[in-house]
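1. pasted the sequence and its predicted model underneath.
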Amino acid sequence: MFEYEWLRRRTFRLPRFAGGVLALGALAALYACSAESVLRPDVDVGVQTGAVQGAGLQNIVPAAPIAMSYPRLLPETSPSTFMPAEEIACRRELQRLGVSYRDLAPIDDGGECRIDHPVEVSGFSGGIKLSPPATLTCAMAVAVARWTKNELAPAARMRYLSGVNTIRQGSSYSCRRIRGTSVASEHSKGNALDIMSIKLDNGREIDVRRPGFFAFRQRGLLNTVRAEGCDYFTTVLGPGYDADHKDHFHFDIKNRRNGYRACR
């Protein structure tokens, strides 16, 4: 996606004037997503990776980030004391699905930029890693885990005779709005994940960008997992939809009227 917004916190004191400048810059950075027109639902766009180097992706995180504020670890003394029953049940489902995760402290960055009960997901069943770990709502984590287990892993085994080693993601929680609108991005609620590439156990790296004309296996895998994603997410966007999604899959669980799903 073209969302280069990263939530940063100061780690040292600044003069008031300098702090004000940084604050204005942070407000301006909240507008980094896109929607075409009223003829389609508002959808998020994600971070672009630029070029793919060798078997791996370029580092999409700034070279010298300023004290990223996530993850915020949940205090050891409050595992589920104030957690609603549905959140506790959701974590039981994560455990049943074999998800590697840990609870984080509540996130509240103002407005709709918040997750009351966030989790940091680092892997899925079958030893599949998520890199870097993603900060999500538990509900989104369950959706990604089910899609990975039921669609991605079987499709990779069928087409490449190999398991999935690592899912490389480009954006999970991020406080921002959809570019050109006042609508909060689903990333700002922890309900979205951008997937950039898939690394298999045999060492092959499958770039999500549109494969070449003769890349039949790669095209088949990507088409399958993208189409089947509509059973797990309410938004599935990727290469071929528009220029903003040419290098990644955007998945989210945005709640729309009448159960409408944007799968393009």
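-> Cool, got the structure. Residues are numbered from 1 along each chain as shown.
2. helices of the stretch 151-264 of the chain, start to end?
-> 153-160, 216-228 (DSSP state H, counting those that start in this stretch).
3. what lies in contact with the last one?
-> By Cβ atoms under 8 Å, 6 or more residues apart in numbering, the residues outside helix 216-228 that reach it are 147, 150-152, 155-156, 159-160, 206, 208, 210-211, 236, 238-239, 249, 263. To be clear about C-beta, it is placed using only N, CA and C from the backbone, and glycine gets the same treatment.
4. which members of these are positioned in strands?
-> Judged by DSSP state E, these include 206, 236, 249, 263 as members of strands.
5. by mean pLDDT, which helix or strand of the chain comes out lowest?
-> Every helix and strand of the chain was ranked by mean pLDDT, DSSP states H and E. The lowest is strand 52-53, at a mean of 30.
6. and the closest residue to residue 155 other than its chain neighbours, how many neighbours?
-> Nearest in space to residue 155, with sequence neighbours left out and distances taken as Cβ to Cβ, 6 or more residues apart in numbering, is residue 224 at 4.9 Å. Neighbour count for residue 224, taken as other Cβ atoms under 10 Å: 17.
7. repeat that for residue 148.
-> For residue 148, using other Cβ under 10 Å, the count is 25.
8. can you tell me how far the closest residue to it other than its chain neighbours sits from residue 207?
-> Distances taken as Cβ to Cβ, 6+ apart put residue 124 closest to residue 148, at 4.7 Å, once the chain neighbours are dropped. Per Cβ to Cβ, to the nearest Å, residue 124 is found 20 Å from residue 207.
9. which of those two has more neighbours?
-> residue 124 (26 against 20).
10. pretty sure the more buried one is touching residue 98, no?
-> Yes: using Cβ atoms under 8 Å, residue 124 is in contact with residue 98, at 6.6 Å.
11. please enumerate the shared neighbours of the two.
-> With Cβ under 8 Å, 6+ apart as the test, residue 124 and residue 98 both reach 145, 149.
12. where do the strands sit along the protein?
-> Along the chain, counting by DSSP E, strands occupy 52-53, 56-57, 100-103, 107-108, 114-115, 119-124, 128-136, 164-171, 192-200, 205-207, 235-237, 249-252, 262-263.
13. for the fifth one, packing partners?
-> Here strand 114-115 is seen to pack against strand 107-108 when contacts are counted using 3 or more Cβ pairs under 8 Å, 6 or more residues apart in numbering; DSSP states H and E.
14. pairing partners for the strand it packs on, with directions?
-> Strand 107-108 has its sheet partners listed here by DSSP bridges as strand 114-115 (antiparallel).
15. wait, doesn't residue 129 sit right on residue 168?
-> No: using Cβ under 8 Å, residue 129 is not in contact with residue 168, being 9.2 Å away.
16. more neighbours: the two, which one.
-> Set side by side, residue 129 and residue 168 show more neighbours around residue 168, with 23 against 16, by other Cβ under 10 Å.
17. can you tell me which residues contact the nearest residue to residue 188 once chain neighbours are set aside?
-> Distances taken as Cβ to Cβ, 6+ apart put residue 113 closest to residue 188, at 4.5 Å, once the chain neighbours are dropped. Residue 113 sits next to 107, 175, 176, 184, 188, 189 when contact means Cβ under 8 Å, 6+ apart.
18. compare those and tell me which is most surrounded.
-> residue 188 (28 neighbours).
19. touching, that residue and residue 178? I think so.
-> No: if you go by Cβ under 8 Å, residue 188 and residue 178 don't touch, sitting 9.5 Å apart.
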